[in-house]
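Novice: 3D, please:
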Amino acid sequence: MMRTSDPRISDPAEPIADFFDAFAALYDDWARGLHSRVASRLVTLSAPTPGEDCLDVGCGTGLVANAVASLVGPRGTVVGLDVAPGMLRRARDRSRSEGLRNTVFEHERVSHRLRFQDGLFDLVTLGTSLAFLGDPLAVLTEARRVLRDGGRIALSLRRRSLVTPAQEAFFGWLEELTAQHWRAIPRPQGSRSPLGEPQTLRRLLLEAGFGEPVTTMLATGSQMPSASAWIDHMTWSGPWPWALLTTLGPTERGRLEAALGREMERMGDEAFHYTDAFTFAVAPTA
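Specialist: Numbers count the residues shown, from 1 in each chain. As a prediction, this is how the structure comes out:
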């Protein structure tokens, strides 16, 4: 799951869980409700129907799982799995507040094996989680195993290739800061993962035993007014920026803001502009 083998990082899943626990209170509304919009699109594309049994891997705050639960109705079930206890608490709270009795949310570190029997579900969803779950092909193969014949998988993934010049410059600064930092900064695979490229995702789904996927995309973005606002926003763009930027003291942050500001000045209209792009895929069992 992690690119680093630094012995100071005892469990590769811990930095990801720490990030999403810290992010839980902000997650749904961050970036003008970006995660809520992506989840809504994924639910629509996955097309849950009454009576279906569904598994949501990396369920987070339950945006997808609870929406699916309302659509499959009392004859259907939804199981949500996540590594972050803070996210799970919000998923359960949402389920209770909406009066849903067909959901179960469980703390689990998903890696190479799902603990469910073969052919148990009609639908498996992974909302932006695949890049953080270890071996992507192994996870997709397991998703195929637990699906019934005639079932389907639905995924959303960040499409990292569509970042702006301002984002590229920012990640370049992060690389330098990470190399110079006094502590080990974890680099989850999902930080700059190519999994969201349609052809990469298609290949993995076919290798995992799925049929031809249908893919679509959502892209949005905005422009920040200053280096300070940019850093505040980008801190929550993933476990790697968060792990690094939250360790900076006022002096270090001031230096970063000044350097980033100078870099952005050279970009003209592209300064402080960011894009968030997502690929969606739905694939049947082959």
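Novice: so which residues of the stretch 51-200 of the chain form helices?
Specialist: 63-72, 85-97, 136-146, 165-180, 198-207 (DSSP state H, counting those that start in this stretch).
Novice: could you dump those helices to a markdown table with mean pLDDT?
Specialist: Shown next, in a markdown table, are the helices of the stretch 51-200 of the chain (pLDDT from 0 to 100):
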| stretch | mean pLDDT |
| --- | --- |
| helix 63-72 | 98 |
| helix 85-97 | 97 |
| helix 136-146 | 95 |
| helix 165-180 | 87 |
| helix 198-207 | 96 |
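Novice: most neighbours per residue, which of those?
Specialist: Using mean count of other CB atoms under 10 Å, the stretch among the helices of the stretch 51-200 of the chain with the greatest mean number of neighbours is helix 63-72 (a mean of 25). For glycine as for every other residue, the C-beta is placed from the backbone atoms N, C-alpha and C.
Novice: quick one: contacts of that one?
Specialist: Outside helix 63-72, the residues within contact range by CB atoms under 8 Å, 6 or more residues apart in numbering are 28, 35-36, 39-40, 42-43, 46, 48-54, 56, 59, 76, 78, 80, 91, 94-95, 98, 100, 102-103, 105, 123, 125, 127.
Novice: who is Leu126 paired with across the strands?
Specialist: Note on Leu126: beta-bridge partners by DSSP bridges are Leu155.
Novice: how about it, what does it touch?
Specialist: 56-58, 133, 139, 143, 153-156.
Novice: nearest to Gln223 among those?
Specialist: Gln223 has its nearest neighbour among those in Ser156, at 24.0 Å by CB to CB.
Novice: now the stretch 151-286 of the chain, which segments are flagged as low pLDDT?
Specialist: Applying pLDDT under 70 to the stretch 151-286 of the chain picks out residues 182-193.
Novice: what ranges do the strands span in the protein?
Specialist: Secondary structure of the chain (DSSP state E): strands located at 53-57, 77-82, 103-107, 121-127, 147-158, 214-223, 273-284.
Novice: so which of these comes closest to Glu176?
Specialist: Using CB to CB, the nearest of the strands of the chain to Glu176 is strand 273-284, at 19.4 Å.
Novice: picking up where we left off before, are any of the contacts of helix 63-72 buried, and which?
Specialist: 28, 35-36, 39, 42-43, 46, 48, 52-54, 56, 59, 76, 78, 80, 91, 94-95, 100, 102-103, 105, 123, 125, 127 (16 or more other CB atoms under 10 Å).
Novice: grab the most central residue of this protein for me.
Specialist: For the chain, the residue nearest the mean C-alpha position is Thr128 (3.1 Å; CA atoms, centre = their mean).
Novice: what about the residue nearest to that residue when sequence neighbours are not counted, how many neighbours?
Specialist: Counting by CB to CB, 6 or more residues apart in numbering, Thr128 lies nearest to Ser156, which is 5.3 Å off, once chain neighbours are set aside. By other CB atoms under 10 Å, 27 other residues sit near Ser156.
Novice: just Thr77 next, same as before
Specialist: Thr77: 20 neighbours (other CB under 10 Å).
Novice: please list all residues in contact with it.
Specialist: Per CB under 8 Å, 6+ apart, neighbours of Thr77: 53-54, 102-104.
Novice: how near is it to Ala69?
Specialist: For Thr77, the distance to Ala69 equals 8 Å [CB to CB, to the nearest Å].
Novice: ok, now Thr216?
Specialist: Taking CB to CB, one finds Thr216 at 24 Å from Ala69.
Novice: same thing with Thr178?
Specialist: Counting by CB to CB, the gap from Thr178 to Ala69 is 40 Å.
Novice: repeat that for Met264.
Specialist: In terms of CB to CB, Met264 sits 44 Å off from Ala69.
Novice: contacting residues around Ala227?
Specialist: 256-258, 260-261, 264, 272.
Novice: mind doing that once more with 10 Å?
Specialist: Contacts for Ala227 were tallied using CB atoms under 10 Å, 6 or more residues apart in numbering; they are 170, 253-254, 256-264, 271-272.
Novice: of the residues you listed, which belong to helices?
Specialist: By the criterion of DSSP state H, membership of the contacts of Ala227 in helices covers 170, 253-254, 256-264.
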